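Enquirer: Output the structure for:
(one chain, ligands or ions: 1)
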Amino acid sequence: MCGIVGIVDAGGVSFQLYYALYALQHRGQESAGISTFEGATLYTHKAQGLVAEVFNRHTLQELRGKAGIGHVRYPTTGSKIPENVQPFNFKYRGLTLSIAHNGNLVNTTELRGEYERRGQIFCTTTDTEIIGSIIADALRASKSMEDAVLLCMRRLRGSYATVALLNDAIYAFRDPLGIKPLCIGKLDQGYIVASESVAIDALDGTFIRDVRPGELVRIDESGLSSTQISTANRRAHCIFEYIYFARADSVMDGKLVYDVRRQIGQKLYETSPVEADLVSPVPDSGTAYAAGYAERSGIPFLEGLMKNRYMGRTFIMPTQKQRDRAVRIKLNTVRGNLKNKRVVLVDDSIVRGTTSRRIVKMIREAGADEVHLRVGSPPIIAPCYLGVDMPTRAELIASGREVEAVRESVGAASLVYIPLEDLVEATGFGELDICTGCLTGCYPVEIDGEKTSRCVVSYMGGSLQSDLSTFDSGKEET
Ligand code: AMP
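Expert: Presented below is the predicted three-dimensional model:
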């Protein structure tokens, strides 16, 4: 899980990239970075920390140029070491390439071994460096970014929404199944591509459209152009973006995330009505769900929990005792709203169960009579290999456990998950156009030891034109 952005703007890009990354901060808090290009120089500033900690006025002023890319990182592949902070830079004979990636490859080891045998030296442990290496390698041969991205799409297995800065042009591409989001907007004096539309809003830009799965978009000072590099017989948009990861005010692949969550909340009530005095969200991720639940049930929406907005990341606390204390500082109960009340508590998901258990206990301790837990996702039973930090089956509370056992473990009076069919309906996509790997254990790309739902990807063959009829169809990939 990461956030990416690319901007070309005649008025300069560093401050705009900074604000866009700020809008995408929820997608990754471990590190942030920006690369820009001017004249013949690639400028990069990146470090571990939040966007506001990594950049200041001075560092932004040093990032010169009218084209640039940015990244916020939430580590999935590769450990939390400074070398893994993106964007990554590659230089070769007058070409400078900087690259940033959101997603996760599942054939990293195989590709890395192959490129190492050919003499490539890797400086990081990330899959992103492999994408950069494939591109740089292909550019050495043909100097065509279309060829390079075609090679990427043929070789990479997994999810990749990517932005690249090649000298003063931005390239953005999305894997053939469109697993991770990427959209395009118009700015006063240029264009932006970003993981979520909220980054476009932050710059007062106008949303144009999503980058299509398998599409390569080029932006330079003369404007925007596009080449369809591959097509697939299905999509596989990440369901967890809608459930938890994306901001509720983002529009993603045609759907306002808030609407999807609100509808799930409505369906949660219809699935299993309960009598209660109030509907409370777990802030902030449960809010849109709770709004929908309250709306459909007629039970008042009332906040039973408050979140401290100024709380930093809890994982930096060195001991368990300090981490527990941090949770108490982060969330507190509104006692007056809870005492002697029957509470419907709505959250987006249960992963390990730690949060739910702790919150149910807090609400009980605040004097609530009953806590009915409602969850905006079906039980998470399998890990994610495609970019969401999801633990192993052994750590997932719902893996191999009945709902009743989960209910007992978290201490709720009742527990209801949204059924998968209702969730799919709320997204408005067909079941085959979303990736539900973490909910079903069946993935849209081939992963060792896991079930795969097959799909067919066709690649643009021969000379590269943006004409779909030149695709050689029938090349099967999973
Ligand atoms: P837990 O059940 O304690 O492991 O955590 C579940 C809560 O963490 C959910 O209610 C989400 O709000 C949040 N969450 C879900 N998935 C993730 C994730 N991959 N990374 C960080 N937080 C998450």
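Enquirer: Which residue does the stretch 51-200 of the chain have closest to the ligand?
Expert: Tyr74 (7.6 Å; Cβ to the nearest ligand atom). For the C-beta atoms, the positions are set from N, CA and C on the backbone; glycine is no exception.
Enquirer: Do I have it right that that residue meets Ala32?
Expert: No - Tyr74 is not in contact with Ala32 according to Cβ atoms under 8 Å; the separation is 11.0 Å.
Enquirer: Using the three-state scheme, assign the nearest residue to Val388 once chain neighbours are set aside.
Expert: Sequence neighbours aside, Phe240 is the residue nearest to Val388 in space, at 4.9 Å (criterion: Cβ to Cβ, 6 or more residues apart in numbering). Secondary structure for Phe240, judged by DSSP: H, G, I helix; E, B strand; the rest coil, is helix.
Enquirer: ok, now how distant is Phe240 from Phe301?
Expert: Taken as Cβ to Cβ, to the nearest Å, the spacing of Phe240 relative to Phe301 amounts to 25 Å.
Enquirer: And for Gly411?
Expert: Using Cβ to Cβ, we find Gly411 at a distance of 23 Å from Phe301.
Enquirer: circling back to that earlier point, look at Tyr74 and Ala32 and report which has more neighbours.
Expert: Ala32 (30 against 18; other Cβ atoms under 10 Å).
Enquirer: Can you verify my assumption that that one contacts Leu60?
Expert: No - applying Cβ under 8 Å, one finds Ala32 not in contact with Leu60, separated by 11.9 Å.
Enquirer: what's the burial count for the residue of the stretch 201-350 of the chain found nearest the ligand?
Expert: Scanning the stretch 201-350 of the chain for the residue nearest the ligand gives Ser285, at 3.9 Å (criterion: Cβ to the nearest ligand atom). Counted with other Cβ under 10 Å, the neighbours of Ser285 add up to 20.
Enquirer: Contact partners for it?
Expert: With contacts defined as Cβ atoms under 8 Å, 6 or more residues apart in numbering, the neighbours of Ser285 are Tyr244, Asp347, Asp348, Ser349.
Enquirer: Repeat the analysis, applying 7 Å as the threshold.
Expert: Taking Cβ atoms under 7 Å, 6 or more residues apart in numbering as the criterion, Ser285 is in contact with Tyr244, Asp347, Asp348.
Enquirer: Restricted to buried residues, select these in ChimeraX.
Expert: Under the burial definition 16 or more other Cβ atoms under 10 Å, those of those that qualify are selected in ChimeraX by:
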select :244,347,348
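Enquirer: Sitting in strands, which of the contacts of Ser285 do you find?
Expert: Cross-referencing the contacts of Ser285 against strands under DSSP state E gives Asp347.
Enquirer: Helix, strand or coil: sort out Ser458 for me.
Expert: Using three-state DSSP as the criterion, the local structure at Ser458 reads strand.
Enquirer: Return the distance of it relative to Leu150.
Expert: Taking Cβ to Cβ as the criterion, Ser458 is separated from Leu150 by 12 Å.
Enquirer: for the residue lying closest to Met1 once chain neighbours are set aside, what are its contacts?
Expert: Once flanking residues are discounted, Met1 sits nearest to Tyr74: 4.1 Å by Cβ to Cβ, 6+ apart. Going by Cβ under 7 Å, 6+ apart, Tyr74 touches Met1, Cys2, Arg27, Gly28, Gln29, Glu30, Asp389.
Enquirer: Would you list the buried entries among the residues you listed?
Expert: Among these, those classed as buried by neighbour count (16+ other Cβ under 10 Å) are Met1, Cys2, Arg27, Gly28, Gln29, Glu30.
Enquirer: Just put those residues in CSV and tack on secondary structure and distance to Gly205.
Expert: Putting those into CSV (DSSP: H, G, I helix; E, B strand; the rest coil; distance: Cβ to Cβ, whole Å) gives the following:
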residue, secondary structure, distance to Gly205
Met1, coil, 23
Cys2, strand, 21
Arg27, helix, 18
Gly28, coil, 21
Gln29, coil, 24
Glu30, coil, 27
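Enquirer: Between those residues, which sits nearest Lys143?
Expert: Lys143 has its nearest neighbour among those in Cys2, at 28.2 Å by Cβ to Cβ.
Enquirer: in the sheet, who's paired with the residue nearest to that closest one when sequence neighbours are not counted?
Expert: Beyond its immediate neighbours in the sequence, the residue positioned closest to Cys2 (Cβ to Cβ, 6+ apart) is Asn102, lying 4.2 Å away. In this structure, Asn102 bridges to Ala161 when assessed by DSSP bridges.
Enquirer: Give me the neighbour count for Asn102.
Expert: Burial measure for Asn102: 30 neighbouring residues, criterion other Cβ under 10 Å.
Enquirer: cool, and Asn233?
Expert: Around Asn233 there are 13 residues (other Cβ under 10 Å).
Enquirer: And for Ala291?
Expert: Counted by other Cβ under 10 Å, the residues lying close to Ala291 total 20.
Enquirer: What residues does it make contact with?
Expert: Taking Cβ under 7 Å, 6+ apart, we find Ala291 in contact with Arg262, Gly265, Phe301.
Enquirer: Is whichever strand or helix holds the first one positioned near the ligand?
Expert: When you say that, I think you mean Arg262. Following DSSP states H and E, the helix or strand that holds Arg262 is helix 257-271. No - for a cut-off given as Cβ under 6 Å from any ligand atom, helix 257-271 has no contacts with the ligand; the smallest distance is 11.8 Å.
Enquirer: of the contacts of Tyr74, closest to Gly68?
Expert: Checking the contacts of Tyr74 against Gly68 by Cβ to Cβ gives Cys2 as the nearest, at 16.6 Å.
Enquirer: So Phe240 and Phe301 - more neighbours on which side?
Expert: Set side by side, Phe240 and Phe301 give different neighbour counts by other Cβ under 10 Å, the larger being at Phe240 (25 against 18).
Enquirer: Surely Val346 and Ala290 touch.
Expert: Yes - counting by Cβ atoms under 7 Å, Val346 touches Ala290, with 4.0 Å between them.
Enquirer: what residues are shared contacts of those two?
Expert: Residues touching both Val346 and Ala290 by Cβ under 7 Å, 6+ apart: Gly265, Val279, Pro281.
Enquirer: Among the residues you listed, which one has the most neighbours?
Expert: With neighbours set by other Cβ under 10 Å, the maximum within the shared contacts of Val346 and Ala290 is found at Val279, which has 32 neighbours.
Enquirer: Quickly find the element holding that one.
Expert: Taking DSSP H and E as the criterion, Val279 maps to strand 278-281.
Enquirer: Then Ala136?
Expert: Per DSSP H and E, Ala136 falls inside helix 128-142.
Enquirer: tell me which residues of that helix are tucked away?
Expert: Residues of helix 128-142 classed as buried under the neighbour-count rule (16+ other Cβ under 10 Å) are Thr128, Glu129, Ile130, Ile131, Gly132, Ser133, Ile134, Ile135, Ala136, Asp137, Ala138, Leu139.
Enquirer: Can you give me the distance of the first one to Val251?
Expert: This means Thr128. Applying Cβ to Cβ, one obtains 26 Å for the distance of Thr128 from Val251.
Enquirer: What is the helix holding Arg262 packed up against?
Expert: Helices and strands in packing contact with helix 257-271 are listed as helix 287-297, helix 420-427; criterion 3 or more Cβ pairs under 7 Å, 6 or more residues apart in numbering; DSSP states H and E.
Enquirer: Now distance to the ligand too, for those helices, in CSV please.
Expert: Conversion of these to CSV gives the following (distance: least, Cβ to the nearest ligand atom, whole Å):
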stretch, distance to the ligand
helix 287-297, 10
helix 420-427, 15
